[in-house]
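[1] Below are the sequence and a predicted model for it; my questions follow.
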Amino acid sequence: VQLQASGGGLVQAGGSLRLSCAASGRTFSTYGMGWFRQAPGKQRELVATITSGGNINYADTVKGRFTISRDNAKNTVYLQMNSLKSEDTAVYYCVARPHGYYSTNPEYYNYWGQGTLVTVSS
């Protein structure tokens, strides 16, 4: 599986962005998908996950502001980010694991996209 993330950019605090992650392959619907992020000088942290069955989990830091969704017909997972804060500035990575569930461990995920930079200016 190859993952191609897009949608990052520069936005003012309080603004919104939508990240997209397009996946190759014909078994996308069976994959657990998610988003991690890594800010400068910090470890990667889980942002959100969505299972093949549609179960969703969020990091406490983004609950109520971010929404993860998937479109199996388009082999794409999305991350809608609203009310952005300067602390959301990071490189965002799309991840995948066959039949994957929720895990905060980066090593749990078999596939990683190349990352897309989100910069939130205060």
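    Here it is on my side, so go on.

[2] for the protein, which spans come out with low pLDDT?
    Along the chain, segments meeting pLDDT under 70 are nowhere present.

[3] What segments of it are strands?
    Applying DSSP state E to the chain gives strands spanning 3-6, 9-12, 17-23, 31-38, 45-50, 56-58, 66-71, 76-81, 90-98, 111-112, 116-121.

[4] wait, which of the ones you listed is closest to Asn105?
    Asn105 lies closest, by Cβ to Cβ, to one member of the strands of the chain: strand 45-50, at 8.4 Å. The C-beta positions use only the backbone N, C-alpha and C, and glycine is treated the same way.

[5] Okay, buried residues for the closest one please.
    For strand 45-50, burial by neighbour count (16 or more other Cβ atoms under 10 Å) applies to Leu46, Val47, Ala48, Thr49, Ile50.

[6] Who does the spatially closest residue to the fourth one that is not a sequence neighbour form a beta bridge with?
    Distances taken as Cβ to Cβ, 6 or more residues apart in numbering place Gly34 nearest to Thr49, at 3.8 Å, with adjacent residues excluded. For Gly34, the beta-bridge assignment (DSSP bridges) gives partners Thr49, Val95.
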